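Colleague: sharing a model that was predicted from the sequence below.
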Amino acid sequence: MKQALLVVAVALMSVLHVNGQTSKVSEKEIVGVWVMESMQYEGEKKIVCGKANNYTQFKYYGADGEYACAQIVLSNEGKVVVMPHEYGTYSLKDGWYSEMGRKAIKDAIVFVDKDTYKGTWMNRHDIWKKRSLPAKMVQHILACCKSKETPADVQQMIKQQLFK
């Protein structure tokens, strides 16, 4: 009886281990627009982004190594505020990730599937989703990472696409 329970326990652990693994995804899949779905600081409650708290983050990875990151907030007055965070370059090779020329970190980005990755920044664990967004909106956020001000029509697109 004890041996049968041991066999069942080992089998369950094997299944759980396989289910917990991430998908094999080409590093080229990072190219595109990513929006933060959630973030969780170690020891704290998970924060769901988007409409739940009128806050999210945007990352852009270009095929040529271009990188941009912005925080995006929907104010209580309904105005979108794009807060540029960074603009520069990134690299992802053999699991080693670097942005803005900082030291590369192994597995700082781990793909769950081609449209989801888990990222770690210091003691914060993020979930990012790949998104197909209007080109005008993406170009504006990229430009914001170099400058300021969000036009009214782009604000409306951001509200509709990121805070629905």
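Modeller: Received, thanks.

Colleague: didn't Val154 look like it was pressed against Val138?
Modeller: No. In this structure, Val154 sits apart from Val138 without contact. The criterion is Cβ atoms under 8 Å, and the distance is 9.9 Å. (C-beta placed from N, C-alpha, C; glycine too.)

Colleague: count of neighbours near the residue lying closest to Asn54 once chain neighbours are set aside?
Modeller: The shortest distance from Asn54 to any non-neighbouring residue, by Cβ to Cβ, 6 or more residues apart in numbering, is to Leu74 (4.0 Å). Leu74 has 20 neighbours, counted by other Cβ atoms under 10 Å.

Colleague: got a pLDDT number for Leu74?
Modeller: Among the per-residue scores, Leu74 shows a pLDDT of 96.

Colleague: any idea how far Val33 is from it?
Modeller: 18 Å (Cβ to Cβ, to the nearest Å).

Colleague: quick check: phi and psi at the most centrally placed residue in the chain.
Modeller: Against the mean C-alpha coordinate of the chain, by Cα atoms, centre = their mean, the closest residue is Trp128 at 2.5 Å. Summarising the backbone geometry of Trp128 under the convention degrees, to the nearest 10, its torsions are phi -120, psi 140.

Colleague: helix or strand: which one has Gln57?
Modeller: strand 55-61 (DSSP states H and E).

Colleague: quick one: name whatever helix or strand follows that strand.
Modeller: Downstream of strand 55-61, the next assigned helix or strand under DSSP H and E is strand 66-74.
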